[in-house]
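Asker: Quick one, structure for this:
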Amino acid sequence: MRNDFKPYANESDVIRIGALEIENRVDRVTLMGDVELTRDREGLAKARELKALIGRVVKALESEKRLPRTVALKPVEVVENPFL
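Answerer: A predicted model of the protein is given here:
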């Protein structure tokens, strides 16, 4: 996992662990897809990455002084593909 991934810090970071895609937003972190944690060294490496990611999310949430009970999620903004 990238060491510069800071949960809730921006609207642009996307990282992958296996086929699991983790998308950063200022109001949420979204996990989409899947990751196979096989019973081998590769599975252990992915499990450690996932554990580190969740640890960062928990730390970011715990550091909030006034964490609301719920938050209204900002809608996803769809933009035109500039490469088409």
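Asker: So Asp13 sits against Arg25, correct?
Answerer: No: with contacts defined as C-beta atoms under 8 Å, Asp13 does not count as touching Arg25, sitting 9.1 Å away. Quick note: C-beta positions are derived from backbone N, CA and C, even for glycine.
Asker: which sections of this protein are below the confidence cut-off?
Answerer: Applying pLDDT under 70 to the chain picks out residues 1-2.
Asker: can you give me the strands for it?
Answerer: Using DSSP state E, the strands of the chain run over residues 14-17, 19-24, 29-34.
Asker: Can you add mean neighbour count and distance to Glu77 and give those strands back as a markdown table?
Answerer: Converted to a markdown table, these look like this (neighbours: other C-beta atoms under 10 Å; distance: least, C-beta to C-beta, whole Å):
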| stretch | mean neighbour count | distance to Glu77 |
| --- | --- | --- |
| strand 14-17 | 15 | 15 |
| strand 19-24 | 16 | 13 |
| strand 29-34 | 13 | 14 |
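Asker: of all these, which lies closest to Pro82?
Answerer: Ranking the strands of the chain by proximity to Pro82 (C-beta to C-beta) places strand 14-17 first, at 17.3 Å.
Asker: Please enumerate residues in contact with the closest one?
Answerer: Applying C-beta atoms under 8 Å, 6 or more residues apart in numbering, the contact partners of strand 14-17 are 1-2, 5, 21-24, 35, 46, 49-50, 53.
Asker: Any buried residues in stretch 70-82, and which?
Answerer: By 16 or more other C-beta atoms under 10 Å, stretch 70-82 has no buried positions at all.
Asker: Check the separation of the first and last residues in it.
Answerer: End-to-end distance of stretch 70-82 (C-alpha to C-alpha, to the nearest Å): 35 Å.
Asker: and if you look at stretch 27-43?
Answerer: End residues of stretch 27-43 are separated by 30 Å (C-alpha to C-alpha).
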